[in-house]
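S.K.: This is the structure alone, sequence omitted:
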């Protein structure tokens, strides 16, 4: 197993990363989520603390002031509970929505949306004693312990730095009016939460980089895995070569079967052969076969066997081979040269037929 891990030295391919995302295996730091939630809570406290308090205080004050008028029968008591519930929901609805959006943003900023049931499937590793010991004493566990210890020390330092200068004022709170205490504690709480948010930002960034590095290392591949993935996505090179060979063989057979229908074979005697077919009424001659070297020689052999005229024209043979595909009409720029050859061939055929007559 250790050897397998050591073999995974290559960076993961995009397909490997996409497959990991599809399984729900993504780089994720819980500290980033925590930072977003606490930051959202700080924003809610600084923005909506007054409206939340007023929205809850007003119905409660009316209830206490008019408690002697409250009916205690079932329907009236249910209606009272509903009205108080609506009042509380109206007061805290927007702040709760902001906290929910902050929690979602904490995930979305780390990776794109994931829909996967992979984590719900039963796995033996979740109940394996060996896997459990690895989770307890592994690198991730050591990192979590160090992170927790650092957060504890840093949080204590932040609280001390914020509250220590206020220690004398805190002692005098016993003599303050409750309304004044509420205003002072709200401001002090915001100051403390702002300092905590700043401290947790450093923890979240460091933890995300660590988690991403761990995740990326898990996705690394061995050379054999890269080769296997390439075969799966692109196909086995041996199979592709065999398919290409079979296609060439079928194309060669089809060409040779079409050579007897040709009107003329234009050749470069040492390399090229192009078979053209032309009948009256056609817009232009059509290439029915072409080839070089051994294929060119085979085209000429079939042509001789079927008495197809063979005309040597070195530049035209090369030009036609390079510019026209099989079953396509010849290019316009070669009309004149090909027309002369076909006219010559047709003249020969008429002469031969006249002699026979």
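M.R.: Arrived safely. Please read all numbers here as calculations on a predicted model, not as lab measurements.

S.K.: what about residue 279, which SS state?
M.R.: coil (DSSP: H, G, I helix; E, B strand; the rest coil).

S.K.: Give me the phi and psi angles of it.
M.R.: With angles defined as degrees, to the nearest 10, residue 279 sits at phi -130, psi 160.

S.K.: check contacts around it.
M.R.: By CB atoms under 8 Å, 6 or more residues apart in numbering, residue 279 lies in contact with residue 263. Where you see a C-beta, it was placed from the backbone N, CA and C, and this is true even at glycine.

S.K.: any idea of the pLDDT on it?
M.R.: Residue 279 is assigned a predicted lDDT (pLDDT) of 83.

S.K.: for the single longest helix found in the chain, packing partners?
M.R.: Counting residues, the longest helix found in the chain (DSSP state H) is helix 178-219. Counting contacts by 3 or more CB pairs under 8 Å, 6 or more residues apart in numbering; DSSP states H and E, helix 178-219 is packed against helix 14-22, helix 30-65, helix 139-163.

S.K.: could you redo the last one with a cut-off of 6 Å?
M.R.: helix 30-65, helix 139-163 (3 or more CB pairs under 6 Å, 6 or more residues apart in numbering; DSSP states H and E).

S.K.: and that helix, how far from the chain's centre?
M.R.: A distance of 31 Å separates the centroid of the chain from that of helix 178-219, by CA atoms, centre = their mean, to the nearest Å.

S.K.: Show the subsequent helix or strand relative to that helix.
M.R.: helix 223-234 (DSSP states H and E).

S.K.: Moving C-terminal from that following helix, which element do we reach first?
M.R.: helix 237-258.

S.K.: what about residue 18, distance to residue 12?
M.R.: Separation of residue 18 from residue 12 (CB to CB, to the nearest Å): 10 Å.

S.K.: out of these two, which sits in the more crowded spot?
M.R.: residue 12 (20 against 11; other CB atoms under 10 Å).

S.K.: Quick check: that one touching residue 222?
M.R.: No - counting by CB atoms under 6 Å, residue 12 sits too far from residue 222 to count as a contact (10.9 Å).

S.K.: Among the helices and strands packed on helix 178-219, which one carries the weakest average confidence?
M.R.: For the helices and strands packed on helix 178-219, the bottom mean pLDDT is recorded on helix 30-65, which sits at a mean of 79.

S.K.: How far does it sit from its chain's centre?
M.R.: 39 Å.

S.K.: Give me the mean pLDDT for the helix or strand containing residue 318.
M.R.: Residue 318 is part of helix 314-323 when elements are defined by DSSP H and E. Per-residue pLDDT over helix 314-323 has a mean of 88.

S.K.: Mind listing residues that contact it?
M.R.: Applying CB atoms under 6 Å, 6 or more residues apart in numbering, the set of residues contacting helix 314-323 from outside is 266-268, 272, 274, 290, 331, 337.

S.K.: Which ChimeraX command selects the buried ones in those?
M.R.: Command for ChimeraX that selects the buried part of the contacts of helix 314-323, burial taken from 16 or more other CB atoms under 10 Å:
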select :266,267,268,272,274,290,337
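
S.K.: From the contacts of helix 314-323, which one has the minimum pLDDT?
M.R.: In terms of pLDDT, residue 268 ranks lowest among the contacts of helix 314-323, with 83.

S.K.: residues in contact with it?
M.R.: Counting by CB under 6 Å, 6+ apart, the residues that residue 268 touches are 314, 317.

S.K.: can you rerun that using 8 Å?
M.R.: Each residue near residue 268 by CB under 8 Å, 6+ apart is listed here: 296, 312-314, 317-318.

S.K.: Check the residues you listed and tell me the two furthest apart.
M.R.: Comparing every pair within these by CB to CB identifies 296 and 313 as the most remote, at 13.6 Å.

S.K.: quick one: which of those two has more around it?
M.R.: Applying other CB under 10 Å to residue 296 and residue 313 shows that residue 296 carries more neighbours, namely 23 against 18.

S.K.: in the helix or strand containing that one, what counts as buried?
M.R.: Per DSSP H and E, residue 296 falls inside helix 294-305. Residues of helix 294-305 classed as buried: 295-300, 302-303 (neighbour count, 16+ other CB under 10 Å).
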